[in-house]
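1. Provided below for reference: sequence and predicted model.
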Amino acid sequence: MIAESIYHLFKRAGPVGRALLDGVGHRAQLAMLEISELRDRVTSSLVMGLVALILALLGGIALTFAIAAAVWHREDRGLWLALLTLVYFVTAGVLALVMTRRLKRLEFLPETSRQLNEDRLCLGALLHDEKQQPHPAP
C-alpha cells in the first residue's frame, strides 16, 4: 500500500521523480549483485582458510614432535623448543597484523557507492536546472 503510493507520487513528480525511482531500482539490483558476489568470495575464502588452518596446525604439531625427537638427547632441548615456540608466536603475530590491515582496506559495495554518488550529483544538477527554468503559467 505504502510502496504503491510512493511509486505513484514519483510518477507524478515528472522526469526527476522517474529518474530517481529508476535509479533506486537499478542501484538496488547492483547492490544485491555485489552482496551476492561478496558472500561467495567470503564463503570460499573462509572454507579455504579453515582447511589451511587445520593443515597448518597438523603440520606444526608434526614439526614440533620431529624437532623434539631430534634434540631430545641434547642438554639444550628446552632452548630449542622455546625458540620453536617463539617462531610460532612471531609468525602468528605477523599474520594477524597482515590480516588486520587487509580487513581495514575492505570496501563494502564499492561500485554501488560510486554510482549512488554519481546519481546524487545528477539529481542535484536536474533539480538545479528545473529551478532555473521558468514554469509556464497555466
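-> Sure thing, it's come through. What you see is a predicted model; the values in this text were computed from it and never measured. Numbering: from 1, shown residues only.
2. Could you use CA atoms for every contact and neighbour count after this?
-> Fine.
3. hey, where'd the helices end up in this protein?
-> Under the criterion DSSP state H, the chain contains helices at 2-12, 15-71, 77-104, 110-132.
4. Can you lay out these as a markdown table showing mean pLDDT and mean neighbour count?
-> Listed next are the helices of the chain as a markdown table, based on pLDDT from 0 to 100; neighbours: other CA atoms under 10 Å:
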| stretch | mean pLDDT | mean neighbour count |
| --- | --- | --- |
| helix 2-12 | 63 | 12 |
| helix 15-71 | 85 | 14 |
| helix 77-104 | 89 | 12 |
| helix 110-132 | 80 | 13 |
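5. Distance check, residue 20 against residue 53.
-> Residue 20 sits 47 Å away from residue 53, going by CA to CA, to the nearest Å.
6. Please disregard the earlier target; I meant residue 129.
-> 58 Å.
7. what's the answer for residue 96, then?
-> 13 Å.
8. ok, now residue 87?
-> According to CA to CA, residue 87 stands 17 Å off from residue 53.
9. Over to residue 31?
-> From residue 31 across to residue 53, the span is 32 Å (CA to CA).
10. cool, and residue 21?
-> Look at residue 21 and residue 53: by CA to CA, they are 47 Å apart.
11. Same check on residue 59?
-> In terms of CA to CA, residue 59 sits 10 Å off from residue 53.
12. swap in residue 92?
-> As judged by CA to CA, residue 92 and residue 53 stand 11 Å apart.
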